[in-house]
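Enquirer: based on what follows, work out the 3D shape:
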Amino acid sequence: MANIFDYLKWRGDLTFTQDPPNAVDALVFSSLSYIQFHGMVEAVPQVPVRLKDAAEEFFAQDDYESSCRIPKDLDLLHAAIQTKRFGHSQICMYRDLLVPEQETQFAAMTFLLDDGSMFLAFRGTDNTLVGWKEDFNMTFQQTIPAQRLALQYTRDVALEYLRPMYLGGHSKGGNLAVFAAARSSPMIQQQMLEIYNHDGPGFTSYLMGDPGYLAMVPRIRTYIPQSSVIGMLLEHEEPYTVIRSKSVGLMQHDPYTWDVLGNSFLAVEEITEGSQFVDATIKTWFAEMTSQERGQLVDVMYALLGSGGAENVHELLHPKNIRTCIKTLTNDEHLRRVLSTEFAGLMEAARKTKAKFDHHRESQLLLEDGEDSSKEPHDEKRKVI
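Expert: Model prediction:
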């Protein structure tokens, strides 16, 4: 089955004027937002740069491999600039912010397309612990700094470029795109064509009844893989499309594993039972915790993981960091108590969810047996075993 690299080979010779942006194009732009174009694309709007030119400067760096999330992002950039469709798109208003003391990780860039529209791409969570901490803060805070920055970014771009716009992002980037669309003014919302959320988490319940959010729901396109975990977190009002992935479990969050069919994704009927179980368990667990308890759990986890001096996810498995984490866990009674209490709650939530699933499965079997029996012809001589 095809993926986005196959899509680039198939559709790359057509401009956006010849064939308008679609869901797979949106995933390409969302994934390209993980590339760090520091110094290659200006934050000011007056000097847009062709993607092809920015990429050539990017690859000219000695340490360019450290300026991306995963190697596949570099492969995607290589492939995209070889196409007429993406290579001549212009990038502008690049912003990249990491402020550990404010628990903020945000990045976005705008692609100006040849059909007169533009795509605002919001970066998802990078490899920094700060980025992951900000993600977890979504579980107990109504808004996080990256969401507010996404809203301001959208306003700035909309005022500078009076073009129809698409918004999108992968993971947290999808959440930021939806938030920015929901909270923008009605005038700016009129510029928005579609908003793409690629396996991004939802929101706490406060946004579900927001008039701005409800007004944008018909234009939100949410895609999740069949074993989605991240994309099922928190609340969604908009419908979502379940797509097939070549990978399993949490690894399906990787957009390079998603199956592409033409200019869309290969859809399946529903998420797997395992994904449903994890989603129901986490929702039950969260429902039984106060926002203060969620915040306390996030804080102690962040303190534990960072106790060895790790600043990014790659450093977490360094032996020095692991030893320090074990030492911290051994010596800090408060930390142990919080983790023990909350993870006992998680296990209890899993037990309750399993009981509900088992009951539902038994009810379905009884219902199916009843339907089968009612279809059988009545025969008093039938042998019953």
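Enquirer: am I right that V298 falls within a helix?
Expert: Yes. V298: assigned to a helix according to DSSP: H, G, I helix; E, B strand; the rest coil.
Enquirer: residues in contact with it?
Expert: K133, F136, N137, T139, F140 (C-beta atoms under 8 Å, 6 or more residues apart in numbering). All C-beta spots, glycine's among them, are computed from the backbone N, C-alpha and C.
Enquirer: so how far is H318 from the second one?
Expert: Applying C-beta to C-beta, to the nearest Å, the value for F136 to H318 is 21 Å.
Enquirer: so for these two, which residue has more residues nearby?
Expert: Comparing F136 with H318 by other C-beta atoms under 10 Å, the one with more neighbours is F136, at 18 against 13.
Enquirer: three-state assignment of the more buried one?
Expert: helix.
Enquirer: thought it was touching L305?
Expert: No. With contact defined as C-beta atoms under 8 Å, F136 does not count as touching L305 (10.8 Å).
Enquirer: picking that back up, nearest to G202, out of the contacts of V298: which one, please.
Expert: Among these, T139 lies closest to G202 (C-beta to C-beta), at 10.8 Å.
Enquirer: that closest one contacts F286, doesn't it?
Expert: Yes. With contact defined as C-beta under 8 Å, T139 reaches F286; the gap is 6.5 Å.
Enquirer: what sits in contact with each of those two?
Expert: R294.
Enquirer: check contacts around H318.
Expert: H318 sits in contact with G308, A310, where contact means C-beta under 8 Å, 6+ apart.
Enquirer: show me where pLDDT drops low in the chain?
Expert: Where the chain drops to pLDDT under 70, the residues are 42-46, 370-385.
Enquirer: quick check: longest helix of it.
Expert: Ordering each helix of the chain by length in residues (DSSP state H) puts helix 333-375 first.
Enquirer: work out the gap between that one and the centre of the chain.
Expert: Relative to its parent chain, helix 333-375 has a centroid offset of 27 Å by C-alpha atoms, centre = their mean, to the nearest Å.
Enquirer: and the helices in this protein?
Expert: According to DSSP H, the helices that the chain contains are 4-11, 23-32, 51-59, 71-81, 84-87, 129-137, 145-160, 172-183, 186-189, 211-216, 273-287, 291-305, 319-331, 333-375.
Enquirer: export the ones you listed as TSV, with columns for distance to T17.
Expert: Putting the helices of the chain into TSV (distance: least, C-beta to C-beta, whole Å) gives the following:
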stretch	distance to T17
helix 4-11	13
helix 23-32	13
helix 51-59	16
helix 71-81	18
helix 84-87	10
helix 129-137	36
helix 145-160	21
helix 172-183	24
helix 186-189	24
helix 211-216	26
helix 273-287	39
helix 291-305	46
helix 319-331	51
helix 333-375	50
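Enquirer: of these, give the one that comes closest to N263.
Expert: helix 23-32 (5.7 Å).
Enquirer: so which bits of stretch 59-76 are buried?
Expert: Buried residues in stretch 59-76, defined by neighbour count with 16 or more other C-beta atoms under 10 Å: Y64, C68, R69, K72, D73, L74, L76.
Enquirer: now those as JSON lines including distance to I326?
Expert: As requested, the buried residues of stretch 59-76 are exported to JSON lines (distance: C-beta to C-beta, whole Å):
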{"residue": "Y64", "distance to I326": "36"}
{"residue": "C68", "distance to I326": "32"}
{"residue": "R69", "distance to I326": "28"}
{"residue": "K72", "distance to I326": "33"}
{"residue": "D73", "distance to I326": "33"}
{"residue": "L74", "distance to I326": "35"}
{"residue": "L76", "distance to I326": "38"}
